[in-house]
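[1] Got a predicted model here, sequence first, then my questions.
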Amino acid sequence: MDKMMGENGLIKRVLMLVFGILISSFGMALLIKASLGQSTVSGISYNISLITKMKTGTVVGIINYICFVGQIILLKKEFKPIQAVQLVATTFFSSVLNIYLYNIPFIANTTIGNYGLKVVVLMSGIVCMAYGVSLMMVANLTFLPFEGFCKAISTKLNRPFGTVRVYVDVAFVIISLCIISIYKIPNISVREGTIVYTFLFGNLTNIFMKSMKKKVVEG
């Protein structure tokens, strides 16, 4: 009986992870379409995609693969082989993001001109990303390599994860601004929406995770 309960629990966690990836990648697609500023990873990925002509989701995947290698270099013997499942998660995430952005006509062919509507889409994207990430965190099976890389840095430097994440985010924003300046591309990645995202994302994630954990315990 206990074994069955354990199996049911694992299935539930896998479903949470899958839905988390589907929802958070949809949220990232909305952030990109809003054109008011994005998350640090999606922002730099979008800018690189404009230069290289690669799909944004593909660049997101490449950045995460690099972060995965970074974890191995930083952690060395402390790196556990099971963490390779991060590659599966990030491949799924980047593939789904590309589907949203390029293969679903309603999203791919939509250009938002009204500022008020852009704000609505931006806020919807932030909520979706926070909810999706919360599902992944509560599932506690794996995480995307970018998060793992930040965690590895915090472990090696003995600094709080949140502090390291802020430093990495700032670095990514600076790189994005440099790319925009050097290649003279339109700036839709580092704008007012980026500030809104920074202030809201963490707080929403905390709220969603608290609610989800409560339901898991009660369930």
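    Okay, I see it.
[2] I'd like to know how many residues surround residue 139.
    22 (other Cβ atoms under 10 Å). Backbone N, C-alpha and C define where each C-beta goes, glycine included.
[3] cool, residue 84 as well?
    Residue 84 sits with 12 neighbouring residues when counted by other Cβ under 10 Å.
[4] Just say helix, strand or coil for it.
    Local secondary structure at residue 84 is given as helix here, using DSSP: H, G, I helix; E, B strand; the rest coil.
[5] Enumerate every residue touching it.
    Residues in contact with residue 84 (Cβ atoms under 8 Å, 6 or more residues apart in numbering): none are found.
[6] cool, residue 94 as well?
    Applying Cβ under 8 Å, 6+ apart to residue 94 gives the contacts 57, 58, 60, 61, 64.
[7] and for stretch 153-163, what are the contacting residues?
    Stretch 153-163 is contacted by residues 74, 75, 78, 150, 151, 164, 168, 202 when judged by Cβ under 8 Å, 6+ apart.
[8] hmm, 10 Å instead?
    Under the criterion Cβ atoms under 10 Å, 6 or more residues apart in numbering, residues 70-71, 74-76, 78, 147, 150-151, 164-168, 202 lie in contact with stretch 153-163.
[9] I figured residue 60 hits residue 90, correct?
    Yes - the pair residue 60 / residue 90 is scored as a contact, 7.9 Å apart, by Cβ atoms under 10 Å.
[10] what residues do those two have in common as contacts?
    For the pair residue 60 and residue 90, residues contacting each of them under the criterion Cβ under 10 Å, 6+ apart are 144, 146.
[11] Stretch 106-119 spans what distance, first to last residue?
    Using Cα to Cα, to the nearest Å, the end-to-end distance of stretch 106-119 comes to 18 Å.
[12] Give me the buried positions along it.
    By 16 or more other Cβ atoms under 10 Å, the buried positions in stretch 106-119 come out as 107, 112, 118, 119.
[13] Taking those together, which two end up most distant?
    Largest separation among the buried residues of stretch 106-119 by Cβ to Cβ: 107 and 119, giving 17.7 Å.
[14] Same list (the contacts of residue 94) but as TSV, adding distance to residue 196.
    Formatted as TSV, the contacts of residue 94 follow (distance: Cβ to Cβ, whole Å):
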residue	distance to residue 196
57	23
58	27
60	21
61	26
64	24
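[15] Now do the buried residues in the lowest-mean-pLDDT helix or strand in the chain.
    Taking mean pLDDT, DSSP states H and E as the measure, the chain has helix 192-218 as its least confident helix or strand, at a mean of 83. By neighbour count with 16+ other Cβ under 10 Å, helix 192-218 contains the buried residues 193, 194, 196, 197, 198, 200, 201, 204, 205, 208, 209, 212.
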